[in-house]
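Novice: predicted model, plus sequence, below.
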Amino acid sequence: MNNFIDIHNHTLPGLDDGARSVDQALSMLRIATGQGITEIIVTPHYRPDRYREKRKEYQKAFQALCLAASKALPGLKMYEGNEIYFFQDVIEELESGACRTLAGTDYVLIEFSTIQHYGYIKGAVELLTNEGYRPILAHVERYKSLNNNMERIAELVDLGALIQVNAHAVEDAGRLFKTSFVKQLLKGELVHFIATDAHDEDKRAPVLDGCEKRLKKWCRETYLRQITGGNQRLLLQNRYID
Ligand SMILES: [Fe+2]
């Protein structure tokens, strides 16, 4: 893909179950740039019971990675973010700067337990939107309470949520299942963002090629451009996404 902006990945090393060193992060970034990724919002996990990195550690890791990347891969842009495992005090921690929105915008990448019930997810979306944030539901294909339920996804979108699916899930949807949820979501144009959710340079690498083939098959050209570029650019400008 051309000039792809990845809004969900675990490239920032040492803070979660993603990259473990700057060297590994650079290997991931080399793959990413080879796939046409030119801008990256790094989103290490943030959850109170695990991965609660201190602010200083994040900034140190981010600066070190930016420095290494500027030498190895000049031209690649990086921004700060988190993938936040939703918890009740999330607003306080966002305001204190303990955890981060995406690239300093009002957009927040949120995840839940895969067995979280629908009412809780809906309540989380309502809480965040009421406080002026724009929640993006990370890898929406994973949640049992949303699976194959287009009405629930549409309701969450109506409440102000944006929907992200993983590139690997798009690739697998075409290969493994004839009528997968991801394919339904794409055909129903309920997805706002494709992202890599890359964790390493191997099985969970920042690869987009297989996904791109499926998207070209299933999506209108204008819609494809929105979910692989247009929406990401609006996000970085903190503009409203339909
Ligand atoms: Fe993730």
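Specialist: Everything's here; your move.
Novice: sec struct for the residue located most distally from the centre of the chain, please.
Specialist: Largest separation from the mean C-alpha position in the chain: Lys71, at 25.7 Å (Cα atoms, centre = their mean). When classified by DSSP: H, G, I helix; E, B strand; the rest coil, Lys71 comes out as helix.
Novice: now do Pro135
Specialist: Three-state call for Pro135 (three-state DSSP): strand.
Novice: and the residue lying closest to it once chain neighbours are set aside, how close does it get to the ion?
Specialist: Leaving out its chain neighbours, the residue that sits closest to Pro135 by Cβ to Cβ, 6 or more residues apart in numbering is Leu128, at 4.4 Å. Placement of C-beta: from N, CA and C, glycine included. Distance, Leu128 to the ion, by Cβ to the ion, to the nearest Å: 18 Å.
Novice: which SSE is Leu128 in?
Specialist: Using DSSP states H and E, Leu128 sits in helix 118-130.
Novice: now do the buried residues in that helix.
Specialist: By 16 or more other Cβ atoms under 10 Å, the buried positions in helix 118-130 come out as 121-122, 124-125, 128.
Novice: got the residues of this protein near the ion?
Specialist: Within the chain, the positions adjacent to the ion are 83, 197 by Cβ under 5 Å from the ion.
Novice: which parts of this protein are helices?
Specialist: 22-34, 55-72, 90-96, 118-130, 150-158, 167-176, 181-187, 209-218, 221-225, 231-236 (DSSP state H).
Novice: list the contacts of the lowest-mean-pLDDT helix or strand in the chain.
Specialist: One helix or strand of the chain scores below all others by mean pLDDT, DSSP states H and E: helix 167-176, with a mean of 82. Residues from elsewhere that reach helix 167-176 (Cβ atoms under 8 Å, 6 or more residues apart in numbering): 139, 141, 180-183, 186, 194-197, 204, 207-208, 210-211, 213-215, 217.
Novice: show me which of these are buried.
Specialist: For these, a neighbour count by 16+ other Cβ under 10 Å gives the buried set as 139, 141, 180-183, 186, 194-197, 204, 207-208, 211, 214-215.
Novice: and the helices of the chain, which one's lowest on average pLDDT?
Specialist: Mean pLDDT values for these show the minimum at helix 167-176, a mean of 82.
Novice: the inter-axis angle of that one versus helix 209-218?
Specialist: Counting by axes from the mean of the first three to the mean of the last three Cα atoms, to 10 degrees, helix 167-176 lies at 60 degrees to helix 209-218.
Novice: got the buried residues for helix 167-176?
Specialist: Result for helix 167-176 [16+ other Cβ under 10 Å]: buried residues 167-174.
Novice: please apply the same query to stretch 11-19.
Specialist: 11-16, 18-19.
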